[in-house]
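Student: here you go, sequence then predicted model.
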Number of protein chains: 2
Amino acid sequence: MANRVKVSDMPNSAYIEDAEVLGKLVKAKRTNMNMKLADCAALCGIGINTLSRIENGNANCTLSAVFSVLHGLGIKLTTKELSNPNSNSLADNEWV
Amino acid sequence: MANRVKVSDMPNSAYIEDAEVLGKLVKAKRTNMNMKLADCAALCGIGINTLSRIENGNANCTLSAVFSVLHGLGIKLTTKELSNPNSNSLADNEWV
DNA sequence: AATATATTCACCAATAGCGGTGAATATAGT
DNA sequence: ACTATATTCACCGCTATTGGTGAATATATT
């Protein structure tokens, strides 16, 4: 399994702070699923060019394309902006 | 403090599964900061129209605009796709 | 090192978002 | 209810993204 990208090679943070981190996360997941760009693009329903741009940190892509990739690869985003950090359910939280 | 949006009114999930949830999250944060669209748009460096579209769940906006809003409002995104759920640091995780 | 595969890049036409304005609608305060 | 404020919406020109193709580059495998 060469060509596998370890998350430890990524920036030392779990926060998706920008498009660059998001792109590396996507690429890490895709390569670990042993998919090539063409397969992944087809699975996600976007063009191979767009997927390549996303993986390379291009922020000038549509949110729609990003969510297509996240859904296709099973990557789930959450927010840290909860008043009750002991629960991930928004029902247990409100802005303070 | 009228006009305050409680997160408990939002979908019963902390996952940002789509643009609609993301938009509600943004609006909840903005209103709790007592900002109007114009102020927030100026703070985030985007147009008021674009911010309104984002808050209303429009996925056909640029990722760039979304991150501008997230940074402007201090909303941090994380991923659940970590092999070691006890650590938020990517350095402690790798894809399995 | 050589070959096969994968990814990136430049180029293109078609499409779509962005920001601004002003009007319509919705919401808040008295 | 009325007024003031805030938000949404339609329209617009400008600009940029998208997806496809093919070439160039990078990466893997033997």
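Tutor: Everything's here; your move. Given the structure is predicted, the values throughout are model-derived calculations rather than measurements.

Student: and A:Gly45, how many residues sit next to it?
Tutor: 12 (other CB atoms under 10 Å in any protein chain shown). From N, CA and C alone the C-beta is placed, and that goes for glycine too.

Student: any idea how far it is from DNA strand D?
Tutor: According to CB to the nearest atom of the strand, to the nearest Å, A:Gly45 and DNA strand D sit 7 Å apart.

Student: up against DNA strand C, what does chain A have?
Tutor: A:31, A:36-38, A:48-49, A:52, A:55-56, A:62 (CB under 7 Å from any atom of the strand).

Student: now the nearest residue to A:Leu70 once chain neighbours are set aside: phi and psi?
Tutor: In this structure, A:Leu70 finds its nearest non-sequential neighbour in A:Leu77, 6.6 Å apart by CB to CB, 6 or more residues apart in numbering or on different chains. Note on A:Leu77: its backbone torsions stand at phi -100, psi 140 [degrees, to the nearest 10].

Student: tell me the predicted confidence for A:Leu77.
Tutor: The confidence metric pLDDT takes the value 91 at A:Leu77.

Student: report how many residues lie close to it.
Tutor: For A:Leu77, the count of nearby residues is 22 (other CB under 10 Å).

Student: and if you look at A:Lys36?
Tutor: When counting by other CB under 10 Å, one arrives at 11 neighbours for A:Lys36.

Student: before we move on, what about A:Thr50?
Tutor: Neighbour tally, A:Thr50, other CB under 10 Å: 18.

Student: ok, the closest residue to it other than its chain neighbours - contacts?
Tutor: Leaving out its chain neighbours, the residue that sits closest to A:Thr50 by CB to CB, 6+ apart is A:Ala65, at 5.4 Å. With contact set as CB atoms under 8 Å, 6 or more residues apart in numbering or on different chains, A:Ala65 has these partners: A:46, A:50, A:54.

Student: do the same with A:Ala38
Tutor: Taking CB under 8 Å, 6+ apart as the test, what A:Ala38 contacts is A:Ile48.

Student: distance of it relative to B:Cys61?
Tutor: 27 Å (CB to CB, to the nearest Å).

Student: now do A:Lys27
Tutor: 23 Å.

Student: what distance do you get for A:Met33 to DNA strand D?
Tutor: Taking CB to the nearest atom of the strand, one finds A:Met33 at 15 Å from DNA strand D.

Student: what about stretch A:20-39, average pLDDT?
Tutor: Here the average pLDDT along stretch A:20-39 is 94.

Student: counting neighbours, what do you get for the closest residue to DNA strand D within chain A?
Tutor: The minimum distance from chain A to DNA strand D, using CB to the nearest atom of the strand, falls at A:Asn60 (2.3 Å). For A:Asn60, the neighbour count with other CB under 10 Å is 10.

Student: return the longest helix anywhere in chain A as PDB; C-alpha atoms alone will do.
Tutor: In chain A, taking DSSP state H as the definition, the longest helix is helix A:19-32. In PDB, the C-alpha atoms belonging to helix A:19-32 read as follows (Å, rounded to 0.1, in the frame of the first residue of the first chain):
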ATOM      1  CA  ALA A  19      -9.300  25.000   2.000                       C
ATOM      2  CA  GLU A  20      -5.800  23.700   2.100                       C
ATOM      3  CA  VAL A  21      -6.400  21.600   5.200                       C
ATOM      4  CA  LEU A  22      -9.700  20.400   3.800                       C
ATOM      5  CA  GLY A  23      -8.000  19.400   0.500                       C
ATOM      6  CA  LYS A  24      -5.300  17.400   2.300                       C
ATOM      7  CA  LEU A  25      -8.000  15.700   4.300                       C
ATOM      8  CA  VAL A  26      -9.900  14.700   1.200                       C
ATOM      9  CA  LYS A  27      -6.800  13.400  -0.500                       C
ATOM     10  CA  ALA A  28      -5.800  11.400   2.600                       C
ATOM     11  CA  LYS A  29      -9.200   9.800   2.700                       C
ATOM     12  CA  ARG A  30      -9.400   9.100  -1.000                       C
ATOM     13  CA  THR A  31      -5.900   7.500  -1.200                       C
ATOM     14  CA  ASN A  32      -6.700   5.300   1.800                       C
END
